[in-house]
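Enquirer: Here is my input, please return the structure:
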Amino acid sequence: MNTLLKQLRERRELFPSGLFVLFFTEMWELFGRFAIMSLLVLYLTNMLKLSDSQAFSIYAGFLALIYVMSVLGGYVADRFLGLRYGVILGAVMMVIGNLLMIIPHLYVVYIGLAIVAIGSGFFTPSLIPMVGHLYQGNDRGRDIGFTLYYVGKNVGALLAPVLCGLVAVHFGYNYAFLLSALGMSLGIIVFIRGKNQLNESVIKEMSGESFLNTKVAPFKTKAAIYLGTLLMIPAVTYILMKNIDGILLSVAGIAVLALVAYLLIERTFQERRHVLVIIIMMAFVVIFQTFLNQGGASLNLFIERNIHRQLFNFTLPTSFFYSIEPVFLILLGPVIAAVWSYLNQKQREPNEVSKFGIGMLVFSVAYAVFVLAARVAMKDAQASPLFIVLGYFLFPIAELCIMPIGLSLVTKLAPKGLEAMMVGIWMLANAAGSYLTGYVSGFAQVDFDYSTIEGLQRAAGIYHHAFFYFAVVLLIAGVILLFGIRPWIKHLRHSSL
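Expert: Reported below is the predicted structural model:
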């Protein structure tokens, strides 16, 4: 009986009931985001007739702004709104932005993307710290919990390309965004109704007492925040239209460094070391995010042009392939979480830096698979979809070694009271990676007629060279992580790294 009670207690610690509420809410946010990520470049090139370079620029700018807005959104949620209101405000804005995407006019699309980016900036850094507080004082369960949370929410990443892709094929790309708006609305309902399933520490965070024990701002301050949010919409729209997200990212980076320095003046020496660890690891997230985002950019167009998509008498939508990676992520996530748990019991679990390094090496192998696919297409114009299946089988292994582990790390090391803001700063690495996505995609830009066999073969040659360079960069990053900086990080943390 005692053994059974102990097992039940450990299960509750690893799988608290609030975890379902949070990942279900995040799942529908990811559904909306992946609907845009999987369809935006196709929407812009096929329906609005933009060039590859224009579509890549808008796609990268949108992704970068999502993460830049997370810095500001995380700070406002920490200081004024409270995490609960940050989640709700962000989710409502993303619903509105997705609805605007229905209108097939470029200017309206810009506005819709801007609203989604601002909304995501409030939503993501407000929700993620709640997961960390579910595992307060349980470092063993934290990495496992974040891995399972990451897997659960990626059900949205699986459903979006399939369902929205089918809607896009049969009714039009624009109507796919209506479906994502409905899904996000469901997420809001679950989050509001599921408050009681979160433990006391999370509920305290949701009440707004998350920044140096200050209470939620008064109504007038909230009203000013909401008004300021509305005024940000035309500004962010202008940034997207004029493609000046790189300037914004640079300014945000400088401002963040100044803010972090100011906030850490009265913090302990060890807290300052922990923040430095977070910043170092952010550099590798930039690299990872740059090439992960190619799934919606260069890889998306490679699949559309150089991958055989016929299945009997049916042509698979290009966006369908974007769902393969989430399928494997969902299948492999529990397996990897179980592996971490088993190794932890044996006191042989790799540290965070080692997991990052393993992820980079696996990611490099994935791009090597795409190099082979492009080489086949250079000869035959099109390659087997099995190459994409294999590559996207490796993608989630790499992703699960990096993204949830990074989120776990930042919530573990963030100074108390600054969790949401540090998550927002962590997202700045994703912003930099997303901005670089547009630049790196330029190596795979096809600016000639590819309607003939010769044109497709020539396009495959461009993709071949681009994917080869991607694989090499990831290989170098993995080697540096595993054999270069690990001892340095161990010294900074004074821990078992």
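
Enquirer: For the rest of this, base every contact and every neighbour count on C-alpha atoms.
Expert: Noted.

Enquirer: quick one, strands of the protein?
Expert: Counting by DSSP state E, the chain has strands at residues 310-311, 314-315.

Enquirer: got the contact list for the first one?
Expert: Right, strand 310-311. By CA atoms under 8 Å, 6 or more residues apart in numbering, the list of residues contacting strand 310-311 from outside reads L316.

Enquirer: and what of the last one?
Expert: Contacting residues not belonging to strand 314-315 are listed as R309 [CA under 8 Å, 6+ apart].

Enquirer: Direction included, what does that strand pair against?
Expert: Strand pairing for strand 314-315, using DSSP bridges, gives strand 310-311 (antiparallel).

Enquirer: Distance-wise, check the spatially most central residue of the chain relative to Q289.
Expert: Centroid-nearest residue in the chain, with CA atoms, centre = their mean: N430, separated by 7.2 Å. Using CA to CA, to the nearest Å, we find N430 at a distance of 6 Å from Q289.

Enquirer: circling back to that earlier point, now distance to S434 too, for the strands of the chain, in TSV please.
Expert: TSV is the format used below for these (distance: least, CA to CA, whole Å):
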stretch	distance to S434
strand 310-311	31
strand 314-315	30
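
Enquirer: Any chance of CSV for those strands, columns mean neighbour count and mean pLDDT?
Expert: What follows is the strands of the chain, written out as CSV (neighbours: other CA atoms under 10 Å; pLDDT from 0 to 100):
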stretch, mean neighbour count, mean pLDDT
strand 310-311, 10, 79
strand 314-315, 9, 76
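
Enquirer: Looking at the ones you listed, spot the one closest to G112.
Expert: Minimum separation from G112 across those (CA to CA) falls at strand 314-315, 29.8 Å.

Enquirer: ok, which stretches of the stretch 351-497 of the chain are helices?
Expert: For the stretch 351-497 of the chain, the helices defined by DSSP state H, counting those that start in this stretch cover 352-380, 386-413, 419-441, 453-480, 486-493.

Enquirer: Need the winner for burial among those helices.
Expert: Among the helices of the stretch 351-497 of the chain, helix 419-441 has the highest mean neighbour count (mean count of other CA atoms under 10 Å), at a mean of 27.

Enquirer: Just the angle for that helix relative to helix 386-413, thanks.
Expert: 150 degrees (axes from the mean of the first three to the mean of the last three CA atoms, to 10 degrees).

Enquirer: gap between helix 419-441 and the chain center?
Expert: Centre-to-centre, helix 419-441 and its host chain are 9 Å apart (CA atoms, centre = their mean, to the nearest Å).

Enquirer: what ranges of the stretch 351-497 of the chain fall below the confidence cut-off?
Expert: Residue ranges of the stretch 351-497 of the chain with pLDDT under 70: 417, 420, 487, 490-497.

Enquirer: closest one to V275 among the helices of the stretch 351-497 of the chain?
Expert: Using CA to CA, the nearest of the helices of the stretch 351-497 of the chain to V275 is helix 386-413, at 7.0 Å.

Enquirer: one step back: what's the closest of the helices of the stretch 351-497 of the chain to I115?
Expert: Nearest of those (CA to CA): helix 419-441, 16.4 Å.

Enquirer: CA atoms of that closest one as PDB?
Expert: Only the C-alpha atoms of helix 419-441 are listed here, as PDB (Å, rounded to 0.1, in the frame of the first residue of the first chain):
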ATOM      1  CA  GLU A 419      10.000  34.600 -15.000                       C
ATOM      2  CA  ALA A 420       7.600  35.900 -17.700                       C
ATOM      3  CA  MET A 421      10.100  38.600 -18.700                       C
ATOM      4  CA  MET A 422      12.900  36.100 -18.900                       C
ATOM      5  CA  VAL A 423      10.800  33.900 -21.000                       C
ATOM      6  CA  GLY A 424      10.100  36.900 -23.300                       C
ATOM      7  CA  ILE A 425      13.900  37.500 -23.500                       C
ATOM      8  CA  TRP A 426      14.400  33.900 -24.300                       C
ATOM      9  CA  MET A 427      11.900  34.300 -27.100                       C
ATOM     10  CA  LEU A 428      14.100  37.100 -28.500                       C
ATOM     11  CA  ALA A 429      16.500  34.300 -29.600                       C
ATOM     12  CA  ASN A 430      13.600  32.900 -31.500                       C
ATOM     13  CA  ALA A 431      13.000  36.300 -33.000                       C
ATOM     14  CA  ALA A 432      16.600  36.600 -34.100                       C
ATOM     15  CA  GLY A 433      16.400  33.100 -35.600                       C
ATOM     16  CA  SER A 434      13.200  34.000 -37.400                       C
ATOM     17  CA  TYR A 435      14.700  37.100 -38.800                       C
ATOM     18  CA  LEU A 436      17.700  35.200 -40.100                       C
ATOM     19  CA  THR A 437      15.300  32.700 -41.600                       C
ATOM     20  CA  GLY A 438      14.500  35.300 -44.300                       C
ATOM     21  CA  TYR A 439      18.100  35.900 -45.000                       C
ATOM     22  CA  VAL A 440      19.100  32.200 -45.000                       C
ATOM     23  CA  SER A 441      16.100  31.400 -47.200                       C
END
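
Enquirer: Output the contacting helices and strands for it.
Expert: Judged by 3 or more CA pairs under 8 Å, 6 or more residues apart in numbering; DSSP states H and E, the packing partners of helix 419-441 are helix 52-76, helix 106-134, helix 245-263, helix 269-292, helix 386-413.

Enquirer: isn't A477 right up against G359?
Expert: No: using CA atoms under 8 Å, A477 is not in contact with G359; the gap is 10.0 Å.

Enquirer: which residues are common contacts for those two?
Expert: By CA under 8 Å, 6+ apart, no residue touches both A477 and G359.

Enquirer: Redo the helices of the stretch 351-497 of the chain as a markdown table? Include distance to I88.
Expert: Converted to a markdown table, the helices of the stretch 351-497 of the chain look like this (distance: least, CA to CA, whole Å):
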| stretch | distance to I88 |
| --- | --- |
| helix 352-380 | 32 |
| helix 386-413 | 21 |
| helix 419-441 | 15 |
| helix 453-480 | 37 |
| helix 486-493 | 35 |
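
Enquirer: And those: which comes nearest M94?
Expert: helix 419-441 (17.4 Å).

Enquirer: contacting residues for K355?
Expert: Residues near K355 by CA under 8 Å, 6+ apart: 401-402, 405.

Enquirer: and what of L343?
Expert: Listed by CA under 8 Å, 6+ apart, the contact set of L343 reads 349-350.

Enquirer: so which of the helices of the stretch 351-497 of the chain gets nearest G165?
Expert: helix 386-413 (17.4 Å).

Enquirer: which strands and helices sit next to that closest one?
Expert: helix 106-134, helix 139-159, helix 269-292, helix 324-345, helix 352-380, helix 419-441.

Enquirer: 7 Å instead?
Expert: helix 139-159, helix 269-292, helix 324-345, helix 352-380 (3 or more CA pairs under 7 Å, 6 or more residues apart in numbering; DSSP states H and E).

Enquirer: Turn those into TSV, columns for distance to G228.
Expert: Listed next are the helices and strands packed on helix 386-413 as TSV, based on distance: least, CA to CA, whole Å:
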stretch	distance to G228
helix 139-159	30
helix 269-292	29
helix 324-345	36
helix 352-380	38
